[in-house]
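Trainee: Coordinates only, no sequence provided:
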């Protein structure tokens, strides 16, 4: 059964020593594997969290397969994935440049991008548009979390389209193919990564059996420091991209969260370490978008 988690429980679990967190994760992994009679797999991005997750799972079940789903990975991630055993690659049918062309650019956060998209696509003065700009629901009540903050409302008038659906095209759809082939996934997600993931953890805990697409988050109660501690303690190999100053290694052209980074941010660093990737960003209009949202990209 899916189990709701209280905020105090999450804080308590996050404060545990790594050894206790490992035991909790192993319990969730075993429960998931047993529930699906071994018809499970690891969603493996080549990033730190999924690298630790893969190591944890395969310490118990060495034969569990992994699926690599990506469109714009750093070359160091690709090299690392190739060196990892039992990993199958699934590619999206629509590449990133076509996603941007068809939908729009991923900026600020998924929530803000969704709300801006709804305003930009609104036909006339709809209830949804009013909700996103004022937070006023149809019944007259007010919901601050349902509106675009004043800071970002100017994005609604941007000379480009903003959109939150890139992950659906680039990751979720290919992941469905992996689910058909392998079963139900283990995913390397931590609750502390965003408020949305924290709220999801409160609702379902680590193992969400009753979702339309069930998934397991065995690292939910871990922190970024726990991940590094595990890697060092158990000498887990990881992609050398993390030794080049990068903290986030998702799609290299993604702009979610870029406005929160200290300089040098991911794009400033990319211009030095991966000039060819930056040229690709230039070819699809990333610099103009960064200019508009106030994110520097010059060194």
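Mentor: Noted; the coordinates are in hand. In this text, all values refer to a predicted model and were calculated from it rather than measured experimentally. Numbers count the residues shown, from 1 in each chain.

Trainee: ok, residue 192 - contacts?
Mentor: By CB atoms under 8 Å, 6 or more residues apart in numbering, the residues touching residue 192 are 14, 198, 223, 224. (Each C-beta comes from the backbone N, C-alpha and C, glycine too.)

Trainee: you'd agree it is in a strand?
Mentor: No: assigned with DSSP: H, G, I helix; E, B strand; the rest coil, residue 192 falls outside any strand and is helix.

Trainee: From here on, call the first residue 262.
Mentor: Yes, from this point I'll number from 262; that puts the last item at residue 453.

Trainee: Which residue ranges of the stretch 362-511 of the chain form strands?
Mentor: Listed in chain order, the strands of the stretch 362-511 of the chain (DSSP state E, counting those that start in this stretch) span 368-369, 445-448, 468-469, 476-477.

Trainee: Out of the ones you listed, which is closest to residue 532?
Mentor: Nearest of the strands of the stretch 362-511 of the chain to residue 532, taken as CB to CB: strand 368-369 at 18.9 Å.

Trainee: That closest one packs against which elements?
Mentor: Contacts defined by 3 or more CB pairs under 8 Å, 6 or more residues apart in numbering; DSSP states H and E place strand 368-369 against strand 516-517, helix 547-554.

Trainee: out of the ones you listed, deepest packed?
Mentor: strand 516-517 (a mean of 20; mean count of other CB atoms under 10 Å).

Trainee: who touches the nearest residue to residue 317 once chain neighbours are set aside in this structure?
Mentor: In this structure, residue 317 finds its nearest non-sequential neighbour in residue 286, 5.8 Å apart by CB to CB, 6 or more residues apart in numbering. Taking CB under 8 Å, 6+ apart as the criterion, residue 286 is in contact with 317, 467, 479, 480, 482, 483.

Trainee: what residues are up against the nearest residue to residue 515 once chain neighbours are set aside?
Mentor: Once flanking residues are discounted, residue 515 sits nearest to residue 367: 5.6 Å by CB to CB, 6+ apart. Going by CB under 8 Å, 6+ apart, residue 367 touches 374, 423, 424, 425, 427, 428, 515, 516, 517.

Trainee: just how off-centre is stretch 553-560 within its chain?
Mentor: Centre-to-centre, stretch 553-560 and its host chain are 22 Å apart (CA atoms, centre = their mean, to the nearest Å).

Trainee: contacts for stretch 435-447?
Mentor: Contacting residues not belonging to stretch 435-447 are listed as 290, 293, 297, 299-304, 314, 318, 325-326, 328, 330, 349, 351-353, 474-477, 479 [CB under 8 Å, 6+ apart].

Trainee: rerun that using 6 Å as the cut-off
Mentor: Contact partners of stretch 435-447, identified using CB atoms under 6 Å, 6 or more residues apart in numbering, comprise 297, 300-304, 314, 318, 326, 328, 330, 351, 353, 475-477.

Trainee: Flag every buried residue along the longest helix out of those in the chain.
Mentor: For the chain, the helix reaching the highest residue count under DSSP state H is reported as helix 279-296. Using 16 or more other CB atoms under 10 Å as the test for burial, helix 279-296 gives 282, 283, 285, 286, 289, 290, 293, 294.

Trainee: now stretch 533-552
Mentor: Buried, per 16+ other CB under 10 Å, within stretch 533-552: 535, 538, 539, 541, 542, 545, 547, 550, 551.

Trainee: and it, how far apart are its ends?
Mentor: Its start and end residues considered, stretch 533-552 measures 19 Å (CA to CA, to the nearest Å).

Trainee: Pull the most distant pair out of the contacts of stretch 435-447.
Mentor: Within the contacts of stretch 435-447, two members stand farthest from each other by CB to CB: 297 and 353, at 25.3 Å.

Trainee: which of those two has more neighbours?
Mentor: Neighbours per residue (other CB atoms under 10 Å) separate residue 297 from residue 353, with residue 353 holding more: 22 against 15.

Trainee: per-residue pLDDT, residue 487?
Mentor: pLDDT, residue 487: 98.

Trainee: likewise residue 461?
Mentor: Predicted confidence (pLDDT) for residue 461: 90.

Trainee: Give me the distance between it and residue 308.
Mentor: Taking CB to CB, to the nearest Å as the measure, residue 461 falls 19 Å from residue 308.

Trainee: show me the contacts for residue 452.
Mentor: Contacts of residue 452 (CB under 6 Å, 6+ apart): 458, 459, 462, 481.

Trainee: Can you point out the buried residues in stretch 341-348?
Mentor: Applying a neighbour-count criterion of 16+ other CB under 10 Å, one finds 341, 342, 348 buried in stretch 341-348.
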